[in-house]
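Student: Using only what follows, build the 3D model:
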Amino acid sequence: MKERLFYLGIGLFFTHELDAMTNHEWRVLPLTSWLGDDMGRLVFVAAHVPLFTILVALMASLNSLVRNRTRVWLSAFLVLHSMLHAGFVMHDKYEFSSFLSNVLIYGAAMCGLLYLLLHRRERGESV
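Tutor: Numbers count the residues shown, from 1 in each chain. Reported below is the predicted structural model:
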């Protein structure tokens, strides 16, 4: 169950990144907001190639310690990522207002949070 939640969360997050293209996310991000649309889109997309390459490699690592730590950190990131989106809602160029966008963002966060709670329970840590 825990692993399925993790993969669903990552699937929602990766799909959110597709949705981010239609919602011009680079216009809101501090590192790319000052760029014009063509350059912002190029930088946004190009930056995701090495980022996703590294994430997928870590998630698929043959080293179980690396793989498990990656799952924990990425699950925590899914929660933090949703908080960042909640913080940007009032930004004048924020476009993630559709039902689909919100399901992808906050669904990923819920999966991440549930994963972390189940992980803690398995380790015998209090929640």
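Student: Below-threshold pLDDT in the protein: ranges please.
Tutor: For the chain, residues meeting the criterion pLDDT under 70 lie at 125-127.
Student: So what's the residue count around Val45?
Tutor: 13 (other Cβ atoms under 10 Å). Every C-beta, even on glycine, is put in place using the N, C-alpha and C of the backbone.
Student: List of residues touching the helix or strand hosting it?
Tutor: Per DSSP states H and E: Val45 is located in helix 37-59. For helix 37-59, the surrounding residues in contact (Cβ atoms under 8 Å, 6 or more residues apart in numbering) are 10, 14, 17, 20-21, 24-27, 29, 32-33, 35, 66-67, 70-71, 74.
Student: Quick one: buried ones out of these?
Tutor: 10, 20, 24-27, 29, 32, 35, 70-71, 74 (16 or more other Cβ atoms under 10 Å).
Student: Ile10 and Leu55: what is the separation?
Tutor: Counting by Cβ to Cβ, to the nearest Å, the gap from Ile10 to Leu55 is 8 Å.
Student: ditto for Phe13
Tutor: Taken as Cβ to Cβ, the span from Phe13 to Leu55 is 9 Å.
Student: likewise Leu31?
Tutor: Taking Cβ to Cβ, one finds Leu31 at 18 Å from Leu55.
Student: Near Leu100, how many other residues are there?
Tutor: The number of residues near Leu100, taken as other Cβ under 10 Å, comes to 12.
Student: show me the contacts for the residue lying closest to Leu100 once chain neighbours are set aside.
Tutor: Leaving aside its chain neighbours, Leu100 sits nearest to Asp19 (6.6 Å; criterion: Cβ to Cβ, 6 or more residues apart in numbering). By Cβ under 8 Å, 6+ apart, the residues touching Asp19 are 96, 100-101, 104.
Student: Okay, and which of the residues you listed map to helices?
Tutor: Counted as lying in helices by DSSP state H, out of these, are 100-101, 104.
Student: Which one of these is nearest to Met110?
Tutor: Nearest to Met110 among the ones in helices among the contacts of Asp19, counting by Cβ to Cβ, is Leu104 at 11.2 Å.
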